[in-house]
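Enquirer: Mind looking at a prediction? Sequence and model below.
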Amino acid sequence: MSEETSQAAAKRVLSGMRPTGKLHLGNYMGALKNWVALQNETNADGSPKYECYFFIADWHALTTDYADTGALRQNVREVALDFLAAGLDSKRSTIFLQSEVPAHAELAMLLGMITPLSWLERVPTYKDQQEQLKEKDLATYGFLGYPVMMSADILVYQTDFVPVGLDQAAHVEITREIARRFNHIYGVEEHEVLPEPKVLLTPSPKLPGTDGRKMSKSYGNTILLSDPEPEIRAKLKTMVTDPARVRRTDVGNPDVCPVFDLHKVFSTGETQQTVRAGCTTAGIGCIQCKGWLADAVVAELAPIQEKRRHFESHPEEVDAVLDAGAVRANARAEATMRQVRAAVGLARR
Ligand code: TRP
Ligand code: SF4
């Protein structure tokens, strides 16, 4: 259907997340919250603006953790719970597990045939990650091919938009290059078979963890979406502050304080003003300031945690979501693969 017709098909949106276990505030603010917003966007007539696909990238976990899969099943479960708790809804989105849609692997294999090694070797995360994860042997075919698998994830749905953070933008760029090369080599029209997807850059607010560094599972400084209220309060109580504010009577500077960075994300403008005024005059203490932050974080997470408890006690509903998601994803991916096989010359008829 052409775009000019009033009933133009909804643009397809796809994104994925590795099953790292229980998700934290950084995963939520930097990705999941945005996915839920995209899922819920509507046109003037109330119809959904996007056809959304969100998946748990379990094969991607193997690119770095192939030797240590003991926690994989549980991690997948936790991420599925957090997806649903955060508001992803199987009535509006196709929510699935990557390894339950084999077409991702078939397309990745075919794309691997046409992808020059040099393109993969120059992906910034390739060398970076190998250096950062020195304890693992990442001189593998699978790790080098990670961007090919990610390209297949995206292209197998003929995706229009990929909402990701800046850290993943280079992978969407290589996806576009691989699509272009495929269409060129197999002589298919641009926008046919493997249309080039666009990155939809997720605005990611600065979200420090309790030690002041970027919130990240590997730093052990996270606040989990599923942390109970006392845990959230205890973690925030130990959070680093403006290092120059040693005594209660010292004035502080919110602009260099990681606690204030979180206030900017979670607290009202009014609270932020109160904090700024109190901090810069030593009118408030850091414990009080962190208490207000905890109030805001707890309020943001309350509805999420309520939903999580529901799904925790109804695991059969979580399985039903992933089962239905796999059926829908397989059907859509298979439609692309029929075109792909024909373009490559593999189709018998
Ligand atoms: N590589 C992404 C990450 O580490 C996860 C991912 C895998 C993904 N396949 C994808 C994201 C396809 C967007 C589209 O966060
Ligand atoms: Fe940071 Fe708040 Fe303490 Fe100021 S009062 S230094 S903003 S924690």
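Expert: Great, that's in hand. Ligands and ions are numbered 1, 2, ... in the order given.
Enquirer: wait, what's in contact with the closest residue to ligand 1 within the chain?
Expert: Nearest to ligand 1, among the residues of the chain, is Gly16, at 3.5 Å (CB to the nearest ligand atom). Any C-beta I mention is one placed from the backbone N, CA and C, and that applies to glycine too. With contacts defined as CB atoms under 8 Å, 6 or more residues apart in numbering, the neighbours of Gly16 are 54-57, 60, 98, 150, 153.
Enquirer: can you tell me which residues contact the nearest residue to it once chain neighbours are set aside?
Expert: Spatially, and ignoring its direct neighbours in sequence, Gly16 is nearest to Ala57 (4.2 Å; CB to CB, 6 or more residues apart in numbering). Counting by CB under 8 Å, 6+ apart, Ala57 touches 16-19, 98, 153.
Enquirer: Confirm that Asp323 lies within a helix, as I assumed.
Expert: Yes - counting by DSSP: H, G, I helix; E, B strand; the rest coil, Asp323 is part of a helix.
Enquirer: That one and ligand 2, how far apart?
Expert: Applying CB to the nearest ligand atom, to the nearest Å, the value for Asp323 to ligand 2 is 46 Å.
Enquirer: what about the chain, any weak spots by pLDDT?
Expert: By pLDDT under 70, the weakly predicted segments of the chain are 1-8.
Enquirer: Kindly report the domain assignment for it.
Expert: Taking automatic domain parsing as the criterion, the chain consists of the domains 3-207+315-344, 227-308.
Enquirer: Dump these into a markdown table; add distance to Ser216 as well.
Expert: Shown next, in a markdown table, are the domains of the chain (distance: least, CB to CB, whole Å):
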| stretch | distance to Ser216 |
| --- | --- |
| domain 3-207+315-344 | 7 |
| domain 227-308 | 14 |
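Enquirer: State the pair within the contacts of Ala57 that is farthest apart.
Expert: Pro19 and Asp153 (14.1 Å; CB to CB).
Enquirer: And those two? Which one has more around it.
Expert: The neighbour comparison of Pro19 against Asp153 (other CB atoms under 10 Å) goes to Asp153, with 28 against 24.
Enquirer: picking that back up, please identify which of the contacts of Ala57 is nearest to ligand 2.
Expert: Closest to ligand 2, out of all of the contacts of Ala57 and judged by CB to the nearest ligand atom, is Met17, at 30.8 Å.
Enquirer: Could you give the bridge partners of that closest one?
Expert: Beta-bridge partners recorded for Met17 (DSSP bridges): Ile56.
Enquirer: didn't it look like it was pressed against Ala31?
Expert: Yes - shown here, Met17 and Ala31 form a contact pair, counting by CB atoms under 8 Å, at 6.5 Å.
Enquirer: who's more crowded, these two?
Expert: Just comparing Met17 and Ala31: by other CB under 10 Å the higher neighbour count belongs to Ala31, 22 against 19.
Enquirer: ok so that one is a strand residue?
Expert: No - counting by three-state DSSP, Ala31 is not part of a strand but helix.
Enquirer: And Thr42, how far from Tyr50?
Expert: Separation of Thr42 from Tyr50 (CB to CB, to the nearest Å) stands at 10 Å.
Enquirer: Just want to know which of these two has more residues nearby.
Expert: Between Thr42 and Tyr50, counted using other CB under 10 Å, the more crowded position is Tyr50 (22 against 11).
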